[in-house]
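Visitor: below is the sequence, then the predicted model.
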Amino acid sequence: MHNPIELLLSKYKSQFKKVVPFDVEKDRLVNLDLSGNNTILTSEIFDDTSRFSQYIANELASKNATYGMGGYLENREVYSRSPIFDGIDNHPMKKRTIHLGVDIWGPSGTPVMAPWGGSIHSFAYNDRFGDYGATIILQHQIDGFSFHTLYGHLSLADLSIGQNQYISIGEQFGRFGRPEENGHWPPHLHFQLVVDMELKEGDYPGVCALNQLDYYRMNCPDPNLVLNMRQAVKEVV
């Protein structure tokens, strides 16, 4: 690790609380591949929110899983479902396909908690098709260093919070939203680390183009540094 924030978060790894209710002794967590390597997940499925939602539900049920997880730096064809990810031209290096967060797939209404105490940095309803839907961003401090956690695809009712409101470590402040309020995605949480918000409020890119990857990899380090969930993923054969 060469990024200072990665070293800092690794130092406090054991102190972060759960972001979703997950009992490693009871709950099954499996990887869900949304990359172009998944030939079963065709455009006929992911272009239709109902079929996409049923696909995710069936994947979890068939693996007896409480949650599906994955996606950090995953190159996804699925973003072709929405024009908000198109580049400024048709150059393949400029089309946004690289996922900068981790997705946790599960039922709508699943509680979302703060892994570390922090204040509400900003929130917004990003209601374009394929966008975050209801979004909350927290700002945290560790050893004098500031960083942010972004929570996308929440319930619209969660936006009743107040600007600068303090959220305690482990406190629930959100829930997985339904497709009609979460940007028209199957129910899940997009969880992302952001160091510099670049003056943005209520929104920050969760997907980047290949020619932007070096910058965003540094500004949005691996969310599992805080989640501590990847090691619990069960491989299904």
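Guide: It's in. All of these numbers come straight from a predicted model, not from anything done at the bench.
Visitor: what residues are up against Gly133?
Guide: By CB atoms under 8 Å, 6 or more residues apart in numbering, the contact list for Gly133 reads 125-127, 152-154, 156, 177, 181-185. In short, each C-beta sits where N, CA and C put it, glycine included.
Visitor: in CSV: the residues you listed, plus secondary structure, neighbour count and distance to Val20.
Guide: Listed next are these as CSV, based on DSSP: H, G, I helix; E, B strand; the rest coil; neighbours: other CB atoms under 10 Å; distance: CB to CB, whole Å:
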residue, secondary structure, neighbour count, distance to Val20
Tyr125, strand, 15, 22
Asn126, strand, 19, 21
Asp127, coil, 15, 24
Gly152, strand, 26, 14
His153, strand, 31, 12
Leu154, strand, 26, 12
Leu156, helix, 15, 19
Gly177, coil, 28, 14
Glu181, coil, 19, 18
Asn182, coil, 28, 15
Gly183, coil, 25, 18
His184, coil, 21, 21
Trp185, coil, 27, 16
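Visitor: distance to Thr110 and pLDDT added to those residues, as TSV?
Guide: What follows is the contacts of Gly133, written out as TSV (distance: CB to CB, whole Å; pLDDT from 0 to 100):
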residue	distance to Thr110	pLDDT
Tyr125	19	98
Asn126	20	97
Asp127	21	95
Gly152	14	98
His153	11	98
Leu154	10	98
Leu156	15	97
Gly177	10	98
Glu181	14	97
Asn182	12	97
Gly183	16	96
His184	18	96
Trp185	14	97
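Visitor: which of those sits closest to Asn58?
Guide: If you rank the contacts of Gly133 by distance to Asn58 using CB to CB, Trp185 comes first, at 16.0 Å.
Visitor: just want the phi and psi numbers for that closest one.
Guide: phi -120, psi 160 (degrees, to the nearest 10).
Visitor: can you pull the pLDDT of Pro83?
Guide: On the pLDDT scale, Pro83 is placed at 87.
Visitor: also Ser80?
Guide: On the pLDDT scale, Ser80 gets 86.
Visitor: wait, what's in contact with it?
Guide: By CB under 8 Å, 6+ apart, the contact set of Ser80 is Ser43.
Visitor: from Pro107, how far off is it?
Guide: 26 Å (CB to CB, to the nearest Å).
Visitor: quick one: which helix or strand includes Ala57?
Guide: Element membership of Ala57, judged by DSSP states H and E, is helix 49-62.
Visitor: average pLDDT for that helix?
Guide: On average, helix 49-62 scores 96.
Visitor: report all helices and strands that it contacts.
Guide: helix 43-46, strand 67-70 (3 or more CB pairs under 8 Å, 6 or more residues apart in numbering; DSSP states H and E).
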